[in-house]
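> my questions concern the predicted model and sequence given below.
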Number of protein chains: 2
Amino acid sequence: MSEIIAVLGSGNGGLAAAADLTLRGFRVHLFNRRAESLAAVRERGGITLIDTQADQTEFAPIPVVTTDIEQAIAGAQVIMLAVPVTAHAYYAELLAPYLTADHIVFLNPGHTGGGLHFMQTLRDSGVTTPVRTCEVSTLTYTSRITGPAEVTCYLRAREVPFAAFPGKYAPAIIDTVRALYPGLQLYDNVLDTAFLNINAIEHPPQILCNAGWVEHTQGDYYFYYEGTTPAVGRVIDAVDAERLAVADRLNIKTKSFVDMFCEVGYTTAEAAQTGSAYQALQASEPNRKIKAPKSLDHRYIHEDVGYGLVPLAQFGAMAGVPTPTMNSLIQMASIMNQIDYATTGRTLHKLGLAAVSAEQLHEFLFEGDI
Amino acid sequence: MSEIIAVLGSGNGGLAAAADLTLRGFRVHLFNRRAESLAAVRERGGITLIDTQADQTEFAPIPVVTTDIEQAIAGAQVIMLAVPVTAHAYYAELLAPYLTADHIVFLNPGHTGGGLHFMQTLRDSGVTTPVRTCEVSTLTYTSRITGPAEVTCYLRAREVPFAAFPGKYAPAIIDTVRALYPGLQLYDNVLDTAFLNINAIEHPPQILCNAGWVEHTQGDYYFYYEGTTPAVGRVIDAVDAERLAVADRLNIKTKSFVDMFCEVGYTTAEAAQTGSAYQALQASEPNRKIKAPKSLDHRYIHEDVGYGLVPLAQFGAMAGVPTPTMNSLIQMASIMNQIDYATTGRTLHKLGLAAVSAEQLHEFLFEGDI
């Protein structure tokens, strides 16, 4: 096979995807808006992928490395966004003139409401073409750039929750996208995957309830292990309880934080059974030695509050379910970072849901409008 | 002079008051509800007062040391409560059968709404006598018990804001109470003093925005100096802005946090002029070496959220002024300590203000009812 895949974004996720897909027989076009972010890959003509699970290192030649979006997507059916969630709207505007009904825009990951936000941005840009998007709940690679044009992949996610928006297109696109990632699990709609975004539940309490510690030490403590004390764990539990109540009211399939945390391999079944985020974090090996962010100017707040808690809390309002703990974290984050996340973040308006009621939600998710 | 003063409470403040007033010619009756808290004073027949400012040590004989409230207040016109704010209602119930129109109940300090809470508890106990209360905004001593029957006084507060409830009694009682503390400054009403409670503005952000740090280290960092980083300072500033807006709408005289902090000698005029709590704390010498609490089971939350932010936020609701930052801190504290401070704390109902409107507030404060 030699299908063309456009990979947009050359960060940790983008380079891992570009290298991995190349080595698996796809022809990758790699795009970044900044030439300097592509210089090393262009110079070497490809990417070295160090796979720690398979214990092997391979070089993946990348045929097209470009800052030209038209060149990047030329001939590609699948356009994969491996970018920070805060860049989804930017990419929608960038792609708006070029998208056709044949394209599949794949948000890897969609975080909370990525496809909805992408599509509403297209509409705001005047696009009327029936564009198809799909997304996964979490990035399909755990990877870090470890050198010039070199990426180390620690973990490939298996059984990743996956959904399309509008949902009616899922049958037509699932086989194409499964060719890239055979472990994709098809969910009913993009809120089923959005609500599984574990980071939005975990990171805001962890960073905001230790804001002074982060700033004073510039992140010099073990963020997950030392920073998640019983009280911080109780805040995570409270956020999670609100999320579960909202999901329940809106008929969104989901799981508890500790169950998700266990299923992705972050903690033991025994710890998950306690139902306590604190216990789950204490028993978590993978995150144990990860230090805290150096400052509060970090995606644990910008993304996980603005693009996670803000939409979750607004879904709460749509559902008539109170979310006082989420609201409190949004307020604290806004004061601390002097950013009004409730308006700059992913609002229902930006998701195209401003005029959609709880009763209309599932029809909208399936049809793309009401 | 040999006037009898009943001092209720034998903690840091109570022992300092008992010793100081004795040495200044008053006859003190010292009360505690627990005999063991009085054992050392009873055994030695008095209290050693170490005055670090005057650099002198004196022994103050205490003639009555008792767990019997009737014996404690026998012959006393002034009954001084030098107790934690959370004990005000307990003392109101204890004193209810004995109070007369001649008594002056002096809450040292009243924290936020002490006199109002005390009086409403009396009413709930069926008291119809026109009882007179008065209070100061902050304890008149900075002191610590440093040995058996020994208290060290580091600072005597001068120019302490003082008010009576009902306010109409102030002219009749001010001279009596000024005999105890010549520096008392008479304010119009007990909300003028309540709103000057600096702890409620400062401590909740400082402890809640560092909850994990407190729990993980069991308080092993400098609470005010290291723990008040720019982001934590911004939360203090936000709480203070809400407090000032509520006070303005309710015609309550007050000052900014940084100005109060400067006036009590905690920071420099230069730092206060920045208007930034962070700058004020960074320039503060007196608090620099104070460690954090060992846990979140601490008066910085129980008192300063439950008896500080809760009433301030409820005054905000009365005034129609939003208090989102205060509400967020109350929510975070409630989750962390598993205590619903919004109901267990000092509500408008407990202050006797459930049926009092913003327009009626000042009449109520002066008359004691509407």
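Yep, it's here.
> for residue A:13, which non-adjacent residue is closest in space?
residue A:82 (4.0 Å; CB to CB, 6 or more residues apart in numbering or on different chains). Bear in mind the C-beta positions are built from the backbone N, C-alpha and C, glycine included.
> phi first, then psi, for the one you found.
phi -110, psi 70 (degrees, to the nearest 10).
> ok, now which ones touch it?
Residue A:82 makes contact with A:7, A:8, A:9, A:11, A:13, A:14, A:16, A:17, A:108, A:139 under the criterion CB atoms under 8 Å, 6 or more residues apart in numbering or on different chains.
> which residues does the third one contact?
The one in question is residue A:9. A:31, A:32, A:81, A:82, A:83, A:87.
> ok, of those residues, which come out buried?
A:31, A:32, A:81, A:82, A:83 (16 or more other CB atoms under 10 Å in any protein chain shown).
> kindly reformat those as JSON lines containing secondary structure.
Shown next, in JSON lines, are the buried ones among the contacts of residue A:9 (DSSP: H, G, I helix; E, B strand; the rest coil):
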{"residue": "A:31", "secondary structure": "strand"}
{"residue": "A:32", "secondary structure": "coil"}
{"residue": "A:81", "secondary structure": "strand"}
{"residue": "A:82", "secondary structure": "coil"}
{"residue": "A:83", "secondary structure": "coil"}
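> nearest to chain B, of those?
Nearest to chain B among the buried ones among the contacts of residue A:9 is residue A:83, at 27.1 Å by CB to the nearest CB.
> now render the contacts of residue A:9 as JSON lines, adding pLDDT.
Listed next are the contacts of residue A:9 as JSON lines, based on pLDDT from 0 to 100:
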{"residue": "A:31", "pLDDT": "98"}
{"residue": "A:32", "pLDDT": "98"}
{"residue": "A:81", "pLDDT": "98"}
{"residue": "A:82", "pLDDT": "97"}
{"residue": "A:83", "pLDDT": "96"}
{"residue": "A:87", "pLDDT": "95"}
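> the residue lying closest to residue A:251 once chain neighbours are set aside - how many residues pack around it?
Leaving aside its sequence neighbours, residue A:251 sits nearest to residue A:362 (CB to CB, 6+ apart; 6.7 Å). Counted with other CB atoms under 10 Å in any protein chain shown, the neighbours of residue A:362 add up to 17.
> if we can go back for a sec, of the contacts of residue A:82 - the most surrounded one?
Neighbour counts for these peak at residue A:7, which has 33 neighbours (criterion: other CB under 10 Å).
> that's a strand at that one, yeah?
Yes - assessed with three-state DSSP, residue A:7 lies in a strand.
> surely it meets residue A:27?
No - contact criterion CB atoms under 8 Å: residue A:7 and residue A:27 do not qualify, at 10.8 Å.
> quick check: residues of the stretch 251-370 of chain A near chain B?
Contacts of the stretch 251-370 of chain A with chain B, taken as CB under 8 Å from any CB of the partner chain, map to A:296, A:324, A:325, A:327, A:328, A:329, A:331, A:332, A:335, A:336, A:337, A:338.
> quick one on the thing from earlier: among the contacts of residue A:9, which one sits closest to residue B:241?
Taking CB to CB as the measure, residue B:241 sits nearest to residue A:87 out of these, at 33.4 Å.
> list the contacts for the closest one?
By CB under 8 Å, 6+ apart, the contact set of residue A:87 is A:9, A:81.
> so what does residue A:28 have for phi and psi?
Torsion angles, degrees, to the nearest 10, at residue A:28: phi -100, psi 130.
> domain parsing for chain A?
A:4-194, A:198-353 (automatic domain parsing).
> confirm that the residue nearest to residue A:251 sits in a strand.
No - assessed with three-state DSSP, residue A:362 is helix; it does not lie in a strand.
> report the separation between it and residue A:219.
Going from residue A:362 to residue A:219 by CB to CB, to the nearest Å gives 42 Å.
> what's the answer for residue A:163, then?
34 Å.
> name the residue in the two with the higher neighbour count.
Taking neighbours as other CB under 10 Å, residue A:163 and residue A:219 compare with residue A:163 leading, 27 against 21.
> quick check: neighbours of the helix or strand containing the more buried one in the sheet, parallel or antiparallel?
Here residue A:163, judged by DSSP states H and E, is contained in strand A:161-165. The strands beside strand A:161-165 in its sheet (DSSP bridges) come out as strand A:132-136 (antiparallel), strand A:185-186 (parallel).
> possible to save these as a markdown table with mean neighbour count?
Rendered in a markdown table, the data for these read as follows (neighbours: other CB atoms under 10 Å in any protein chain shown):
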| stretch | mean neighbour count |
| --- | --- |
| strand A:132-136 | 28 |
| strand A:185-186 | 16 |
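> what is the helix or strand that contains residue A:259 packed up against?
According to DSSP H and E, residue A:259 maps onto helix A:257-263. With contacts defined as 3 or more CB pairs under 8 Å, 6 or more residues apart in numbering or on different chains; DSSP states H and E, helix A:257-263 has these neighbours: helix A:198-208, helix A:230-249, helix A:269-273, helix A:277-282.
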